[in-house]
Each structure stands twice: as C-alpha cells, then as structure tokens.
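**Student:** pasted the sequence and its predicted model underneath.
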Amino acid sequence: MLRNIPMRLQTLTLFLSLALAAAMPASASELMAKYVEGTHYQKIPTPVPTESSASGQVEVTEVFSYGCIHCYNFDPMIEAWHKEQDNIAFRRMPAVFNQSWAVLAQAFYTAEALGVSERVHTPLFRAIHDKPINISDPELMGRLFNTEAGVSPEAFRSAFESFGVRGKVQQAQGQGRAFQLRAVPSIVVDGKYLIDSSMVAGGNAEMLEVTEFLVARTLSQQASKAPAAAGASQ
C-alpha cells in the first residue's frame with residue numbers, strides 16, 4: 001500500500017502509527033494475557049454459589065485466619081480496598097486448616113453473632129501477634145471481648161458454644177475444601193476463582209489487582225448475558 005509514497009513519508013507514517021498504538025489503552029486481549037488462569041489465579045472446578053449472584057455485584061471473599069501473620073499484615077490493605085469498591089459484595093471467611101484455627105474461626109463467628117465484629121476484629125489479630133495472648137483459650141478470648149466490646153462473660157460463652165456458631169465453623173471448613181484452599185490469605189471471586197499469595201510475584205498489591213481484573217471480567221460476562229436472557233423471555 002506504501003509503494004507509491006516517498007520513503008520519508010513511509011517512515012513518518014510508520015512512526016505515527018506506532019505512536020498512536022502506544023497511546024491507545026490496552027485491549028481486552030492484552031489484559032487477558034496479563035493475568036493468566038493457572039498462573040495468577042485458579043478456576044475452582046465446582047463453583048460455589050454466592051449470596052450476591054442476583055444483586056448486580058460480584059462477591060469477593062477474603063479467606064484468612066487470626067493466627068496468620070501474613071493475614072494480619074494484609075488486613076489494613078484489603079480493609080481500605082474493599083471500602084472503595086462499589087461493584088463488589090465483600091465478606092470474610094476464616095480458614096479452618098486445623099483445630100487451633102477452628103477455635104479462632106469460632107471467635108470470628110462469635111463476634112458476628114454478638115454484633116461486635118468491627119470492635120474485636122483488629123484486637124483479635126493484635127492479641128496474637130503483638131501481645132502475644134493465647135486467645136485459643138476461651139477464657140482469655142472472653143476477656144478480650146469484654147475489654148474491647150463490653151460483652152459479658154455469660155453472653156460470650158453462650159454465643160461461643162452455640163449450635164449456630166459451631167455450624168458456621170463447619171460450613172467454613174466445607175467451603176474451604178470446595179475452594180481448594182492451599183494458603184492464606186486467599187481471595188475468592190464470584191465463588192469461581194481463587195487467588196493466593198503464592199500465585200503472584202507482586203505480593204498483596206498484585207493480589208488485589210488480579211481481584212479487580214476478575215471482578216471486571218465477571219461483570220462484563222454478566223452484562224453480555226443480560227440481553228440474551230431478556231431476549232429469551234420475550
């Protein structure tokens with residue numbers, strides 16, 4: 001196509017074309033190439049149903065343990081991140097890899113049951129990693145709930161030992177198996193995709209970047225399915 005154009009103009013045309021390409025935003029294929037299934041995230045073989053599937057948001061689950069120092073370090077970052085996201089439904093789920101972590105998961109769901117999660121979440125981390133205090137001891141855990149949230153020993157013990165809290169711990173253990181968890185902290189997007197720190201070279205910051213990529217992809221897929229579903233109902 002450039003045969004009848006002087007060499008100088010050919011060079012200028014090529015230069016402008018390259019400059020224009022460099023200035024354009026990354027294409028969808030380039031973004032897809034940046035984060036690769038099997039390298040930066042894993043697809044969960046059997047997707048786990050989410051509560052937000054019909055809400056127009058994408059569920060993002062942080063899987064953690066109070067006993068994990070990496071989770072403690074990650075906590076302020078993901079706390080700030082999820083508060084800036086309008087298109088996700090964020091939740092935390094404790095990992096249950098052993099009996100001591102099951103007790104810590106029991107603490108998490110006890111706080112939920114008593115409505116004091118915001119008041120004891122960070123103090124539970126600090127008690128283990130900064131003090132340290134053996135909060136695997138229910139009596140010491142009860143004291144922390146009393147000091148930080150004003151929960152009486154009787155109310156704490158009733159919730160901690162309740163059937164509902166123990167049932168949620170078992171449910172979390174089952175979901176962890178379904179997610180095929182290998183490490184914490186991990187992030188699960190839409191019950192379909194798993195990201196953990198071993199999959200990303202950029203640490204916690206890149207975990208959140210991959211999460212944003214998967215959220216955007218999920219929303220795009222939902223949007224593309226909506227017209228088809230609307231057409232089928234007519």
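**Tutor:** Thanks, I have it. Numbers count the residues shown, from 1 in each chain.
**Student:** output the lowest mean pLDDT helix or strand found in this protein.
**Tutor:** Here the helix or strand of the chain ranked lowest by mean pLDDT, DSSP states H and E is helix 7-23, holding a mean of 41.
**Student:** need the contact partners of the host helix or strand of Val188.
**Tutor:** Using DSSP states H and E, Val188 maps to strand 186-189. Strand 186-189 is touched from outside by 41, 44, 48, 58-63, 95, 179, 194-197, 207-208, 210-211, 214-215, 218, with contacts defined as Cβ atoms under 8 Å, 6 or more residues apart in numbering. In short, each C-beta sits where N, CA and C put it, glycine included.
**Student:** ok, stretch 87-96 next?
**Tutor:** By Cβ under 8 Å, 6+ apart, stretch 87-96 touches 50-52, 55, 57-66, 68, 82, 101-102, 104-105, 108-109, 169, 172-173, 175-176, 181, 184, 186, 215, 219.
**Student:** can you flag the buried ones in the residues you listed?
**Tutor:** The neighbour count (16 or more other Cβ atoms under 10 Å) marks 50, 52, 57-66, 68, 82, 101-102, 104-105, 108-109, 169, 172-173, 175-176, 181, 184, 186, 215, 219 as buried among the contacts of stretch 87-96.
**Student:** tell me which of those residues fall in strands.
**Tutor:** Among the buried ones among the contacts of stretch 87-96, the members falling in strands (DSSP state E) are 58-64, 186.
**Student:** which of the residues you listed sits closest to Leu114?
**Tutor:** Closest to Leu114 out of those is Phe64 (19.5 Å), distances taken as Cβ to Cβ.
**Student:** what is the burial count for the nearest residue to that closest one once chain neighbours are set aside?
**Tutor:** In space, and not counting its chain neighbours, Phe64 is closest to Cys71: 4.0 Å by Cβ to Cβ, 6 or more residues apart in numbering. Residues near Cys71, counting by other Cβ atoms under 10 Å, number 22.
**Student:** what does Ile69 give?
**Tutor:** Ile69 has 11 neighbouring residues, counting by other Cβ under 10 Å.
**Student:** re earlier: tell me the one of the ones in strands among the buried ones among the contacts of stretch 87-96 nearest Arg126?
**Tutor:** For those, the closest approach to Arg126 (Cβ to Cβ) belongs to Phe64, at 14.6 Å.
**Student:** got a list of what the closest one touches?
**Tutor:** 71, 74-75, 92-95, 184-185.
**Student:** the closest residue to Lys192 other than its chain neighbours in helix, strand or coil?
**Tutor:** Nearest non-adjacent residue to Lys192, counting by Cβ to Cβ, 6+ apart: Pro47, 4.6 Å away. Counting by DSSP: H, G, I helix; E, B strand; the rest coil, the backbone at Pro47 sits in coil.
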